[in-house]
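Trainee: my questions concern the predicted model and sequence given below.
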Amino acid sequence: MKKIKNPYVGLEEQGYNCFACCPSNPFGLKMEFYEDGDDIVCFWKPHTNFQSWLNTLHGGIQSTLMDEVGGWVVNRKLQTAGQTTHLAMRYRNPVPVGEDVVLEIRGRIKEMKRNFAFIEASLSHDGKVCSTCEMTYFCFPKDVAKERFFFNGCELEEE
């Protein structure tokens, strides 16, 4: 498993302040990503500020985590930028929050149809799947991704 470089770091002057992945957003989730074969993976610690019911991660935060993993699947696996066109969540088990909790969010391409990537993702805690997600992303042509989204590729960190 290898860590993925965030291709958007350094674009703060252009407006990069993503709630999910910007490391300098003071209110953000500060997600980091890894490549594990066909999967993109994030290990994330859910702070109690992101809870809904007592000691339970808010469902909107869960969908944000899944959506962001989907975006990074497009960035890394397809080497372009994409836009979510559909997202369907299934909440299966409560997700705990707290300092000692580590969640695993994992996504992969299920199918491609022209410029659309169909992505599936899961959120797990201690090996138990807590929620799943199916997403559809419109994938921009590489020249559009570069011009409109400043996307210049998504590489792995050096070992």
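Mentor: Arrived safely.
Trainee: helix or strand: which one has the residue positioned nearest the centre of the chain?
Mentor: Centroid check for the chain by C-alpha atoms, centre = their mean gives residue 69 as the closest residue, at 2.0 Å. Element membership of residue 69 [criterion: DSSP states H and E] is helix 59-78.
Trainee: packing partners of that helix?
Mentor: Counting contacts by 3 or more C-beta pairs under 8 Å, 6 or more residues apart in numbering; DSSP states H and E, helix 59-78 packs against strand 39-44, strand 82-91, strand 103-113, strand 116-125, strand 128-139. To be clear about C-beta, it is placed using only N, CA and C from the backbone, and glycine gets the same treatment.
Trainee: which parts of that helix are buried?
Mentor: 61-78 (16 or more other C-beta atoms under 10 Å).
Trainee: do stretch 124-138 as well
Mentor: 124-125, 130-137.
Trainee: can you add distance to residue 34 and give the residues you listed back as CSV?
Mentor: Below are the buried residues of stretch 124-138 laid out as CSV (distance: C-beta to C-beta, whole Å):
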residue, distance to residue 34
124, 15
125, 17
130, 19
131, 20
132, 20
133, 18
134, 22
135, 19
136, 24
137, 20
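Trainee: list just the nearest of these to residue 111.
Mentor: residue 136 (9.7 Å; C-beta to C-beta).
Trainee: contacting residues around stretch 133-142?
Mentor: 63, 66-67, 70-71, 73-74, 78-90, 107, 110, 115-123, 148-149, 151 (C-beta atoms under 8 Å, 6 or more residues apart in numbering).
Trainee: just the buried residues of those residues.
Mentor: 63, 66-67, 70-71, 73-74, 78-82, 84, 87, 89, 107, 117, 119-123, 149, 151.
Trainee: touching, residue 12 and residue 24? I think so.
Mentor: Yes: the criterion here is C-beta atoms under 8 Å, and residue 12 meets it with residue 24 at 6.7 Å.
Trainee: skipping its backbone neighbours, what lies nearest the residue nearest to the centre of the chain in space?
Mentor: Of all residues not flanking residue 69 in the chain, residue 107 sits nearest, at 3.9 Å (C-beta to C-beta, 6 or more residues apart in numbering).
Trainee: where's the one you found relative to residue 31, distance?
Mentor: The gap separating residue 107 from residue 31 is 12 Å, by C-beta to C-beta, to the nearest Å.
Trainee: list residues touching both of the two?
Mentor: By C-beta under 8 Å, 6+ apart, the residues touching both residue 107 and residue 31 are residue 69.
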